[in-house]
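>>> Below is the structure, and that's it, no one-letter string:
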């Protein structure tokens, strides 16, 4: 990932962008290629089919840029032939963001107990347990997930898998 | 009961789909993966196939065909090297928004990914250099995909589209699907009609201007001849000055006194200063390219900018604009003309008179002047003379890339659109000759001239064989200075005159080269004999190479050095000592 280039007088900020696309081969490569080819940032990217009937996928991208760059990113995404809709959730009203992480912690004794206790505080679920390890499933916004992983570092963290951010606008409107 | 097998193979379906898309000519080169298509072509006589000698040339020829007709150019190449050789042409077409459909062969579906013979990941390789691409995996999708590809290539902001065709798909059978008209694509719907409110605001802004300038580009040409007519009508109604980009030449008649010439790095003094000093800029179908803007921070600092573009991603990309209008140039100009008439705005005639007086002062600098010479042909002189011989003829010009290209843009005047074909965005040496072939195929009775440099022409010289085969009377007018002129010019200006690798040693004898391919070769080095040579070139009804030996040291002026602002133009060789190029400028291309 490249550091964002800042023209003078414009500040870079993080934006969460939802893109509705045809679920066809190569679509992810088109989107990712656009970002790398034009030197944009990707902080997080998630993609999965969301409408099997219409064969549509939803891509959620978190990216950083100046207002001019963000406007470019949206226009460039919208220009791709298989793209149906592009929405900047960050500017188009309130929205919610969630991320899921699987966190593997190995240890015994007091550390193991403490890990379990903290998992409870963060409402993380134990989805695998051995006598010397746990795998926790934690869901929340990026901050919460990050904090939980940070706490586990001192308690025998051995592996992390994260989904990246999925997001949606609040209220009854569809994308 | 065994179902009756549908009668049509994928290859036959493809040919039928091309015919239904009103394709007349295909530029291509055969190979293993596309043999079924070549077999289908053999069995019919509606489509004409032009056999090029290199796949890059096939794409440039299709571009020349497309630019001079407004139709989609069609290319057919084989898998692997056929497809990779086409990549430069595709990128060129993407940068200049030229509608091209390129059919590439592919290894059979069951071999894809196996590193099979002549396999390449064509859709992967061409994804960033096409407007869109397809890999057809089932013969049932083939006809529909072809129709969609043509729609995508020619609509909105045009561009190249690749259809990758595995060999088994070409041999399997299916029923034909005719094109749907009008096309309704599920996700791709370019906006043609502008928002009326924006158009009205634009009219008000234009009417109140005291120092306006129209800056128009290839978008006018791509929109079709009607856009050029409307532009001409509208600009004349307003009485405002107009400048064209390299891609936009011919959209407005160059002989009109409102025309300031081309703008940009090698544009005219008056055009660039009008851009710098204007208070309202009306950009229609141009994209604030770095060759146009020069130093961005000092680009037209005091103007309100209107930007009409069919591609929303072109708006606010390099330059912030005050009034963006998304729409097709012809549609928007239609509204401009209509609303201007309806509103009858009161233009500030006094301010306009003062503005024109200022422009005329800049014009008085006569920025394209050069020192003529009795003994050596100046390249500018060669083009001036060429222009005198072609101006009243039905003539099309293509160019290669470099000094000769800029001189051609400065000294040849275009009164109509679609007469000028040059590689603008990508700057592809080797573009002009194959493009000229494509133009000549589309306009068999017209005079088609490739203005070339001796370095560029060598990049696709093999096409002499193609013009020989089809008896295409293309003229190649080489301004031969025995240097890669533009490289040498930059080395002179920026690198202390160290002419590293820019000298063309061991050039061929172009006269003999022409003769070897059954063409005619002419050579001229005396200014006095130039006219006769040009006349001869035009009169010979065969392909002709004219080797014009020009002044080796001539540089292309005016010039805005890289990183400089519009007011910082170098007007001639004596100007450059006082204006050293900045360090930031050195980094720029």
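Good, I have the coordinates. Predicted model, so just to flag it, every value in this text is computed and none were measured.
>>> for the stretch 1-150 of chain B, what are the low-confidence residue spans?
For the stretch 1-150 of chain B, residues meeting the criterion pLDDT under 70 lie at B:1-7.
>>> What residue in it comes nearest to chain A?
residue B:132 (4.3 Å; C-beta to the nearest C-beta). Glycine gets a C-beta too; all of them are placed from N, C-alpha and C.
>>> tell me the contacts of residue A:84?
Contacts were defined as C-beta atoms under 8 Å, 6 or more residues apart in numbering or on different chains; by that measure residue A:84 touches A:20, A:21, A:22, A:56, B:186, B:187.
>>> and residue B:306, which of the three is it?
Using DSSP: H, G, I helix; E, B strand; the rest coil, the three-state assignment for residue B:306 comes out as strand.
>>> What's the separation between it and residue B:284?
Using C-beta to C-beta, to the nearest Å, we find residue B:306 at a distance of 8 Å from residue B:284.
>>> for residue B:320, same thing?
To residue B:284, residue B:320 is 18 Å away according to C-beta to C-beta.
>>> Please identify which of these two sits among more neighbours.
Under the neighbour definition other C-beta atoms under 10 Å in any protein chain shown, residue B:320 and residue B:284 were set side by side, and residue B:284 has more, 29 against 13.
>>> Enumerate the beta-bridge partners assigned to the more buried one.
residue B:216, residue B:308 (DSSP bridges).
>>> Next to chain A, which bits of the stretch 151-300 of chain B? Give me the list.
B:152, B:185, B:186, B:187, B:188 (C-beta under 8 Å from any C-beta of the partner chain).
>>> The second one sits in which helix or strand?
I take that to be residue B:185. Secondary structure here is read from DSSP states H and E; on that basis residue B:185 sits in neither a helix nor a strand.
>>> Residue B:147 is in contact with that one, correct?
No: Residue B:185 is not in contact with residue B:147 according to C-beta atoms under 8 Å; the separation is 10.5 Å.
>>> Compare those two (neighbour count), which wins?
Neighbours per residue (other C-beta under 10 Å) separate residue B:185 from residue B:147, with residue B:147 holding more: 19 against 14.
>>> The more buried one is in what secondary structure piece?
Judged by DSSP H and E, residue B:147 forms part of helix B:142-154.
>>> got a list of what residue B:277 touches?
With contact set as C-beta under 8 Å, 6+ apart, residue B:277 has these partners: B:211, B:302, B:358.
>>> Closest to residue A:36 out of those residues?
Distance ranking of these against residue A:36, using C-beta to C-beta, places residue B:302 first at 37.4 Å.
>>> What residues does the closest one make contact with?
With contacts defined as C-beta under 8 Å, 6+ apart, the neighbours of residue B:302 are B:277, B:278, B:279.
>>> Take those and lay them out in JSON lines including pLDDT and secondary structure.
Compiled in JSON lines, the contacts of residue B:302 are given as follows (pLDDT from 0 to 100; DSSP: H, G, I helix; E, B strand; the rest coil):
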{"residue": "B:277", "pLDDT": "97", "secondary structure": "helix"}
{"residue": "B:278", "pLDDT": "98", "secondary structure": "coil"}
{"residue": "B:279", "pLDDT": "98", "secondary structure": "coil"}
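>>> quick one: low-confidence parts of chain A?
Judged against pLDDT under 70, the low-scoring parts of chain A cover residues A:1-9.
>>> Just give me the longest strand of chain A.
Taking residue count as the measure and DSSP state E as the definition, the longest strand of chain A comes out as strand A:95-106.
>>> Off-centre distance for the next helix or strand after it?
Sequence-wise, the next helix or strand beyond strand A:95-106 is helix A:110-121, with elements assigned using DSSP H and E. Averaging C-alpha positions (C-alpha atoms, centre = their mean, to the nearest Å) puts helix A:110-121 26 Å from its chain's average.
>>> tell me which residues form a beta bridge with residue A:102?
Bridge pairing for residue A:102 - DSSP bridges - gives residue A:137, residue A:161.
>>> isn't it right up against residue A:158?
No: using C-beta under 8 Å, residue A:102 is not in contact with residue A:158; the gap is 11.6 Å.
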